[in-house]
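Peer 1: Need a 3D model of the following:
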Amino acid sequence: MESNVFQLQYAMDTFYFLVCGALVMWMAAGFAMLESGLVRAKNTTEILTKNVALYSIACIMYLVCGYAIMYDGSILLAGIGETDTASVLADFAGREDGFEGGSIYSAPSDFFFQVVFVATAMSIVSGAVAERMKLWAFLAFAVVMTGVIYPMEGSWTWGGNDVFGLYNLGDLGFSDFAGSGIVHMAGAAAALAGVILLGARKGKYGPNGEIRAIPGANLPLAALGTFILWMGWFGFNGGSVLKLGDIASANSVAMVFLNTNAAAAGGSIAALITARILFGKADLTMLLNGAIAGLVVITAEPSTPTALQATLWGALGGIAVVFSIIGLDKLRIDDPVGAISAHGVCGLLGLLLVPITNSGASFSGQLIGAATIFGWVFLASLVTWGIIKAVMGLRVSEEEEYEGVDIVECGMEAYPEFVSIK
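Peer 2: From the prediction side, this is the model:
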């Protein structure tokens, strides 16, 4: 009888892990829609190509080496898909706490859940470098980012390894429940390094320092992408509970879902109000980024705040993202979709809010963890982008940028019916 209960819990936790992984995978569609809606029509095909290709590259590179770096074990050679019932029961039979003290799921489901997080980090880079980067330069960076850079910092955080043998972030009081820093700030750091070397789009900034708006081609698509991301985030945060098959875990999952939704709502409304005060108009793009900002903030700790606190945390993210987007523009850092602000600045904010409701985390540990993640990813990415720039170049020519990277890089247009025949 006890064996049957264990098998049922194992099946339930594994199935829950896989479903949450599928929800996170669906976020790839959200990023693709959001980014293609916020770029100009002449660059749509290329950014869609990037999003599909980067997801595929992430899956391959994490399979080949990323998972082994992050968790000291190869998924490619282990043959773990052959796990049988007897071996699972034997593995847990010797544990004093039985199945109560840890998660129970198959190793392949763990890999699947982890790999979609890798793809999410890389998706953040895509939007920030949009409209002027060479496609193959971007894909070359994706290989390094998903195969080495992200898994290395992941090994210091979720993997539990010491940072270059010097210190252990967990011992210092660092906590990041689902990846505000580990995933989102890391992706933003890689994006920032690329944007600095790449430069701004032509015409974005005037000779006298004026900032010129470059509207996106399809705001309905951008709104759809935001809703897809909002939905996928339930898997992102909910799956990070890691189990479902007991009362405590089920209650924790419910609270995580509630707080995730509340933070997104708080972020979107706060950003909308902030934009109205600053610009005198209801800015849809700020509303969309506010929702994402709230989601990023609560990702660091969605299980311990109350629903009201989660709403307030999200609202802080919504306010922060508006001012960050304005600030980066003043610094002439051109981010077409606001990814660096929504995922980087708000990722840091989320980390710093964790100790307020989680006594296991400390402000010093959060700061050291954030500095470690940002420092490693930014510097490693800067070197990688620099090598790619020296070998093949990062940016298309001025003429190609004017014509649009769809024709130059992909040989086709996303909206051919709207192009006049010459």
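Peer 1: which residue packs closest to residue 334, ignoring adjacent ones?
Peer 2: Leaving aside its sequence neighbours, residue 334 sits nearest to residue 200 (Cβ to Cβ, 6 or more residues apart in numbering; 3.5 Å). C-beta here means a position set from N, CA and C on the backbone, and glycine is covered the same way.
Peer 1: Would you check that residue 258 makes contact with residue 307?
Peer 2: Yes - applying Cβ atoms under 8 Å as the test, residue 258 and residue 307 come out as touching, 5.6 Å apart.
Peer 1: Which neighbours do the two have in common?
Peer 2: Common neighbours of residue 258 and residue 307, using Cβ atoms under 8 Å, 6 or more residues apart in numbering, do not exist here.
Peer 1: Next secondary structure after the worst-scoring helix or strand of the chain on mean pLDDT?
Peer 2: The helix or strand of the chain with the poorest confidence is helix 85-93; it has a mean of 57 (mean pLDDT, DSSP states H and E). Tracing the chain past helix 85-93, the next element assigned as helix or strand by DSSP states H and E is helix 107-128.
Peer 1: Could you give me the buried positions within the top helix by length along the chain?
Peer 2: Counting by DSSP state H, the longest helix found in the chain is helix 2-38. Residues 6, 9-10, 12-14, 16-18, 20-21, 23-25, 27-38 are the ones in helix 2-38 that count as buried (16 or more other Cβ atoms under 10 Å).
Peer 1: again with stretch 138-147
Peer 2: 138, 140-147.
Peer 1: can you tell me how far residue 361 sits from residue 214?
Peer 2: As judged by Cβ to Cβ, to the nearest Å, residue 361 and residue 214 stand 40 Å apart.
Peer 1: Kindly report the same for residue 131.
Peer 2: From residue 131 across to residue 214, the span is 8 Å (Cβ to Cβ).
Peer 1: got any residues that touch both of those two?
Peer 2: 40, 201, 336.
Peer 1: coming back round to it: phi first, then psi, for the residue nearest to residue 334.
Peer 2: phi -80, psi 160 (degrees, to the nearest 10).
Peer 1: what's it in contact with, if anything?
Peer 2: Residue 200 makes contacts with 332-334, as judged by Cβ under 8 Å, 6+ apart.
Peer 1: try residue 257
Peer 2: Taking Cβ under 8 Å, 6+ apart, we find residue 257 in contact with 234, 237-238.
Peer 1: Pipe these into TSV and attach secondary structure per row.
Peer 2: Below are the contacts of residue 257 laid out as TSV (DSSP: H, G, I helix; E, B strand; the rest coil):
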residue	secondary structure
234	helix
237	helix
238	helix
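Peer 1: tell me which of the residues you listed is nearest to residue 298?
Peer 2: Looking at the contacts of residue 257 and their distance to residue 298, the nearest is residue 237, at 7.2 Å (Cβ to Cβ).
Peer 1: returning to that earlier point: relative to residue 321, which of the buried residues of stretch 138-147 is nearest.
Peer 2: Relative to residue 321, the closest of the buried residues of stretch 138-147 is residue 145; by Cβ to Cβ it sits at 23.1 Å.
Peer 1: what about that closest one, which SS state?
Peer 2: The local conformation at residue 145, judged by three-state DSSP, is helix.
Peer 1: Need the pLDDT of it.
Peer 2: Per-residue pLDDT puts residue 145 at 98.
Peer 1: Against residue 129, how distant is it?
Peer 2: For residue 145, the distance to residue 129 equals 12 Å [Cβ to Cβ].
Peer 1: next one: residue 52
Peer 2: Residue 52 is 16 Å from residue 129, where distance means Cβ to Cβ.
Peer 1: more crowded one of the two?
Peer 2: Neighbour comparison, residue 52 and residue 129: the larger count goes to residue 129, with 27 against 12 (by other Cβ atoms under 10 Å).
Peer 1: Can you give me the distance of the more buried one to residue 245?
Peer 2: Counting by Cβ to Cβ, the gap from residue 129 to residue 245 is 42 Å.
Peer 1: Can you tell me the closest non-neighbouring residue to residue 139?
Peer 2: Distances taken as Cβ to Cβ, 6+ apart put residue 53 closest to residue 139, at 5.8 Å, once the chain neighbours are dropped.
Peer 1: List the contacts of the helix or strand that contains the one you found.
Peer 2: Counting by DSSP H and E, the element that carries residue 53 is helix 44-61. Helix 44-61 has contacts (Cβ under 8 Å, 6+ apart) with 25, 28, 31-32, 35-36, 39, 115, 118-119, 122-123, 126-127, 130-131, 135, 138-139, 142-143, 146-147, 217-218, 405-406, 409-410, 412-415.
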